[in-house]
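In: Have a look; sequence and predicted model below, questions after that.
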Amino acid sequence: MLTDTHTHLDASQFNEDREEMIQRAWDVGVTRIVNVGFNRETIPTTMELAEKYDFIYAIVGWHPQDAKDMLPGDLEWIEELSKHEKVVAIGEIGLDYHWDTSPKDVQNRVFREQIRLAKKIGKPIVIHNREAHHDIIEVLREEKAAEVGGIMHCFSGSWDTAKMCLDMNFYISFGGPVTFKNAKQPKEVLAQVPLDRLLIETDAPYLTPHPNRGMRNESSYVKLVAEAAAEIRGMSLEELAQVTTNNAIRLLGLR
């Protein structure tokens, strides 16, 4: 019983075999998938997937790379969609200092607006953090994001950063990088995260785990992430799958 807590299965990379790819995930034991719509194009397609498949849920929000394109009406749109029974969180939101696609001040404003929305509607948030650890922590603290908590998606920071996130009511999620031979830090952090705050994901079609690295990622590969995490934690695959699924159910209200 595996749960993939972060995917983009509506991406164009799956246009030729989306139904077969989703079936492959189900066949290896992935019983819950959470798909993320992060801009004007992907939010509607994420909602379509959540409405078509009983075991696929939706997260909706505005990605920091697209922050400059967000209009006031888009925040209202996200708020309205959040009332849907399959929408379980607001995200992915945050800061991205790697890709220079939106000014930092605009990213910051859009990030804060969505945290406030999440607090207003009482849903957790899913954080995208690319080379912005200090500023992410600062915004989360200033906006009192601990009131709703959420997920640090595909966590890449240090254990010190992870502890600050844990203190603010966040779960720590790991994806394909924990299967990479040279990924020392993610493995060290995964080994220390309290079991009741641990999640796994694919971020498909990106960040494909070993031994399929370099190919398109897909939701069935969350089993590879689970196997690596189980080995790092000294647990069986079944135990790791059960723990992370229970965590996802508890945080996101999945059925």
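Out: Received, thanks. The model shown is predicted, which means the values in this text are computed figures rather than measured ones.

In: And the contacts of the helix or strand harbouring residue 251?
Out: Using DSSP states H and E, residue 251 falls within helix 237-252. Residues from elsewhere that reach helix 237-252 (CB atoms under 8 Å, 6 or more residues apart in numbering): 1-3, 5, 29, 31-32, 34, 57, 88-89, 124, 149-151, 171, 195-200, 223, 226-227, 229-230, 233, 235, 254-255. The C-beta positions use only the backbone N, C-alpha and C, and glycine is treated the same way.

In: Okay, buried residues for that helix please.
Out: Buried positions in helix 237-252, judged by neighbour count with 16 or more other CB atoms under 10 Å: 237, 240-241, 243-245, 247-248, 251-252.

In: Which parts of this protein are strands?
Out: 2-7, 30-37, 56-60, 87-96, 125-130, 150-152, 170-174, 198-200 (DSSP state E).

In: would you list those strands in a markdown table and tack on mean pLDDT, distance to residue 162 and mean neighbour count?
Out: Shown next, in a markdown table, are the strands of the chain (pLDDT from 0 to 100; distance: least, CB to CB, whole Å; neighbours: other CB atoms under 10 Å):
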| stretch | mean pLDDT | distance to residue 162 | mean neighbour count |
| --- | --- | --- | --- |
| strand 2-7 | 98 | 16 | 28 |
| strand 30-37 | 98 | 21 | 25 |
| strand 56-60 | 98 | 21 | 27 |
| strand 87-96 | 98 | 15 | 26 |
| strand 125-130 | 97 | 11 | 24 |
| strand 150-152 | 98 | 8 | 29 |
| strand 170-174 | 98 | 6 | 26 |
| strand 198-200 | 98 | 11 | 25 |
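
In: which one of these lies closest to residue 144?
Out: strand 125-130 (11.9 Å; CB to CB).

In: Check what contacts the closest one and list those residues.
Out: With CB under 8 Å, 6+ apart, strand 125-130 has contacts from 6, 36, 59, 61, 63-64, 89-99, 114-115, 118, 136, 140, 145, 148-153, 155-157, 170.

In: quick one, what contacts residue 34?
Out: By CB under 8 Å, 6+ apart, the contact list for residue 34 reads 3-7, 56-59, 88-89, 248, 252, 254.

In: thinking again about what came up before, just send the strands of the chain back as CSV, with distance to residue 187 too.
Out: Converted to CSV, the strands of the chain look like this (distance: least, CB to CB, whole Å):
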stretch, distance to residue 187
strand 2-7, 19
strand 30-37, 23
strand 56-60, 26
strand 87-96, 23
strand 125-130, 18
strand 150-152, 16
strand 170-174, 9
strand 198-200, 13
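
In: Nearest to residue 188, out of those strands?
Out: Ranking the strands of the chain by proximity to residue 188 (CB to CB) places strand 170-174 first, at 11.5 Å.

In: May I have the closest one as CSV, with CA atoms only?
Out: Written as CSV, here are the backbone C-alpha positions of strand 170-174 (Å, rounded to 0.1, in the frame of the first residue of the first chain):
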residue,chain,number,x,y,z
PHE,A,170,5.8,20.2,8.4
TYR,A,171,6.3,16.7,7.1
ILE,A,172,9.5,15.9,5.1
SER,A,173,9.1,14.2,1.7
PHE,A,174,11.7,12.4,-0.3
